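A.B. asks: Sharing a sequence plus its predicted fold:
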Amino acid sequence: MEITIREERAAHAAVSAVERLVADGVPGRLAAGDPTLWGEEAEAEAATRLGWLSLPRTSRELLPEIAELVAWAAAEELTNVVLAGTGGSSLAAEVVCDSADVPLTVLDTTDSQQVRRALAEGLAHTVLVVASKSGETVETGSVLRIFEAAFQDAGIDPATRIVIVTDPGSPLAPAAADAGYRLVLARPDVGGRYSALSAFGLVPSALAGVPVERLLDEAAEVAPLLSRPEGNPGLLLGAVIGGSALAGRDKLVLEDQLSELNGLPVWIEQLLAESTGKDGRGILPVVGADPSGVGDELVLAIASDIGDVRVDGPLGAQFLVWEYATAVVGRLLEVNPFDQPDVASAKRATAALLVSPHEPNEPVLVDGPVEVYGSTSAHDLPGVYSELLHAVPHDGYLAVLAYLDRLAAFDAPVPDGADFVEMTDAWMAADAATLRALLALRTPRPVTFGWGPRYLHSTGQYHKGGPPTGVFLQITGVVQDDVPVPGRSYTLRSLQLAQALGDLTALTELGRPAVRLHLTDRAAGVAHLLAAAQEA
Ligand SMILES: O=P(O)(O)OC[C@H]1O[C@H](O)[C@H](O)[C@@H](O)[C@@H]1O
C-alpha cells in the first residue's frame, strides 16, 4: 500500500499533521484501540466501535461458516445473488464484486421500477442476502418483505433462499431464527461504514463468487504498519486529508479512471462524509467529477498520477487503510468519526410522513414533463438551475439527489450495430446522473450526485451536519407500477416519496436552499432535465 503526495501544499499540510499526530502518540494508540483519541464526548462510543482494527485477523474465524454457505448455495444452484442492504451494509460488497467482475444485484433502493427489475431476474436461482447491522433500516426491511412474498408466490420456501447478516441483539436475529433463515451474526463492535472486512462485506461477496480470504490477506499484510510513526500509510493518508482540510482544502475529489478497483470512491465517500461531516465541519467527497481547480479542492487519485495525492494498493488493504485514515481525520478535525447524529433527522421526518402521509401542494412551476416544488422565482427549468447555481456560496457545493431507478439508463434504445462508445453515449443521454456533469460545466464549485435513498446513509450526514454551504436539487419520478410492502401500511411509492420529502424537510429546516423536480414521465423527464441544463 503506497501513498504518494505529489503536490507541495498537500505535502506541507501532511508533514505538520504527521508531526502533531506522532507527538501525541496517535499511531500506536490508534492501532492499540485507544478510545480516548476523539475527546471525552466520543469516548464511550469509540470504546465499542474499534473492532475493525482487528478484522483482518478475527474475520478469519468466519471463513469456515462462509465456505459452508457457499457450498450450500452451489448445491442449491443459487447463482443469482441479491443483496438487500444499504450504506455500510452493501457498499463494500458492491466494490468487491464489481472489482472482481462478479455479478451482484444490490437493492439499496425504494424505487418500484428498480425492485421490479430485480424480481424479474427470476427467483428460481436467487439467494437473497439481507444485511443490516441495526436490523431496523426501513428500505432493507421492505425489500425483505417483498422478496418473502415473491418467493412464496412462486412456490418457493423463503427459508431455502434467505441469508440474514446482522448484529446479535438486532430485531432481525430472532426474526431470522423464527423464520428458519440462515443467520450470520456480525461483530457488534464494528460500525456500519467500517464493516467492509466483516461479515457484511464478506458474506455477500463470497456467495457471489469472490475468494474473500484474499481480502483478509491483503489487509493483514498492511496491518502491522499501522502502529508505526513512519512508513504508516494510514497515518499519512489521514494526515494529508485532515491536514489539508484544516488548511482550507476540504473538498476531496476522488479520481479513479485508471483504477482496476471499480467503485471504490463511492465506498470512500460514505466512510469520509458520514464520519467527518458533523458539527459544521467535515470533508466533502466529490465522486465521478473532474477537478475544477478551485482553491479548496484536494485531488486524490487511485492508481494514477492525475491528482495531488496518489493511492496504490490492493482492495483489502485499501479498506483497512482508509478506515484508519478516516479515524485519523476525525482526530485532526476534532469530530467523533463513529456517530452519524444528523442521519436521524431525515429518518424522523420520513417516519412522520409514513404515519400521516401528505402529498405536496401544487407545483410552483411546470416545465414539460418536469414539475418544480420549493421556493423559486424562476419561470422555467433553465432558470431554476441558474438560480440554484447562483445560490452556491464561494466555498459551497451543489448536490443533485435522484430518487429514481439507477439502472433505467440501460433501457435506452441503442442503435443497431452501435459500438461501445455509441452505446455509452446513448446510456449517458438517458441517465439522470449526467445532470451532474452538465451542471458542473456551469460552475467552478463542486457538483455532487447521489442516488436516494442510498445517499441518506452516506453524504446525507454531511449535507445536514457538515458546513452549511450546500445547495440541493432533488429529483423524484412518477411511479407507474407501485409495489406493496407486505405487512405494512405503505407501498414502495409512498415510502420513496416520504424519504425524499423527509430529507427535503430536514434540509429546509436547516435553512439550506433546496428544490425538488418531479418527473411526470421518467424517460422524457430525464431528457428534459439534461436538455435544459445545456441551455444558457
Ligand atoms: O446496517 P444498517 O443498520 O441497516 O444501516 C445501514 C446504514 O444506515 C444508517 O442510517 C447509517 O447512517 C449508515 O452508517 C449505515 O451503514
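C.D. replies: Yep, that arrived. Residues are numbered from 1 along each chain as shown.

A.B. asks: which non-adjacent residue is nearest Gly383?
C.D. replies: Thr376 (7.7 Å; CB to CB, 6 or more residues apart in numbering). All C-beta spots, glycine's among them, are computed from the backbone N, C-alpha and C.

A.B. asks: what's the neighbour count on that neighbour?
C.D. replies: By the measure other CB atoms under 10 Å, the count of residues near Thr376 is 15.

A.B. asks: Which residues lie in contact with it in this structure?
C.D. replies: By CB atoms under 8 Å, 6 or more residues apart in numbering, Thr376 lies in contact with Val364, Leu365, Gly383, Val384, Glu387, Val515.

A.B. asks: what's across from Asp367 in the sheet?
C.D. replies: Beta-bridge pairing for Asp367 (DSSP bridges): Val370.

A.B. asks: What's the separation between it and His390?
C.D. replies: As for Asp367, its distance to His390 is 18 Å (criterion: CB to CB, to the nearest Å).

A.B. asks: Those two: which has the busier surroundings?
C.D. replies: Asp367 (19 against 10).

A.B. asks: Isn't that one up against Glu535?
C.D. replies: No - Asp367 is not in contact with Glu535 according to CB atoms under 8 Å; the separation is 11.0 Å.

A.B. asks: What part of this protein, helix or strand, is modelled with the least confidence?
C.D. replies: One helix or strand of the chain scores below all others by mean pLDDT, DSSP states H and E: helix 343-355, with a mean of 87.

A.B. asks: So for it, what gets flagged as buried?
C.D. replies: Val343, Ser345, Ala346, Lys347, Ala349, Thr350, Leu353, Leu354 (16 or more other CB atoms under 10 Å).

A.B. asks: Just give me the closest of those residues to Pro64.
C.D. replies: Val343 (34.9 Å; CB to CB).

A.B. asks: Would you agree that closest one is in contact with Glu274?
C.D. replies: Yes - assessed by CB under 8 Å, Val343 is found in contact with Glu274 at 7.4 Å.

A.B. asks: what residues are shared contacts of these two?
C.D. replies: Common neighbours of Val343 and Glu274 (CB under 8 Å, 6+ apart) are His457, Gln461.

A.B. asks: which residues are contacting stretch 62-75?
C.D. replies: Residues contacting stretch 62-75 (CB under 8 Å, 6+ apart): 79, 81, 127, 163, 182, 184, 199, 202-203, 206-207, 212-213, 216.

A.B. asks: show me the contacts for Thr36.
C.D. replies: Arg29, Glu43, Ala46.

A.B. asks: Now do the nearest residue to the last one once chain neighbours are set aside, the pLDDT please.
C.D. replies: Nearest residue to Ala46 in three dimensions, chain neighbours excluded: Pro35, at 3.8 Å (CB to CB, 6+ apart). Listed pLDDT for Pro35 reads 98.

A.B. asks: contacting residues for Pro35?
C.D. replies: Contacts of Pro35 (CB under 8 Å, 6+ apart): Ala42, Glu43, Ala44, Ala46, Ala47, Leu50.

A.B. asks: repeat for Ile241
C.D. replies: Leu252, Leu272, Ile283, Leu298, Leu300, Ala325, Val329.

A.B. asks: so how far is the ligand from it?
C.D. replies: The gap separating Ile241 from the ligand is 19 Å, by CB to the nearest ligand atom, to the nearest Å.

A.B. asks: Tell me how far Gln152 lies from Gly180.
C.D. replies: Taken as CB to CB, the span from Gln152 to Gly180 is 13 Å.

A.B. asks: Could you list the domains of this protein?
C.D. replies: 2-25+229-333, 55-216, 343-533 (automatic domain parsing).

A.B. asks: Show the low-confidence segments of the protein, by residue range.
C.D. replies: For the chain, the stretches with pLDDT under 70 are 536.

A.B. asks: Up against the ligand, what does it have?
C.D. replies: 86-89, 132-134, 137, 140, 192-193, 274, 340, 343, 457 (CB under 6 Å from any ligand atom).

A.B. asks: Inside strands: which ones of these?
C.D. replies: Ser132 (DSSP state E).

A.B. asks: if we take the residues of the chain next to the ligand, which one ends up nearest to His394?
C.D. replies: Using CB to CB, Glu274 is the member of the residues of the chain next to the ligand that lies nearest His394, at 25.3 Å.

A.B. asks: Tell me how many other residues surround the closest one.
C.D. replies: Glu274 has 29 nearby residues by other CB under 10 Å.

A.B. asks: Just give the nearest non-adjacent residue to it, would you?
C.D. replies: Gln461 (4.4 Å).

A.B. asks: The one you found: which element?
C.D. replies: helix 459-465 (DSSP states H and E).

A.B. asks: Show me the contact partners of that helix.
C.D. replies: Taking CB under 8 Å, 6+ apart as the rule, helix 459-465 contacts 269-270, 273-274, 276-280, 282-285, 340-343, 345-346, 399, 448, 450, 470, 472, 503, 506-507, 510, 512.

A.B. asks: pretty sure Thr140 contacts Gly88?
C.D. replies: No - using CB under 8 Å, Thr140 is not in contact with Gly88, being 11.7 Å away.

A.B. asks: Please name every helix or strand in contact with the helix or strand Glu43 falls within.
C.D. replies: Element membership for Glu43, per DSSP H and E: helix 40-46. When contacts are defined as 3 or more CB pairs under 8 Å, 6 or more residues apart in numbering; DSSP states H and E, helix 40-46 packs onto no helix or strand at all.
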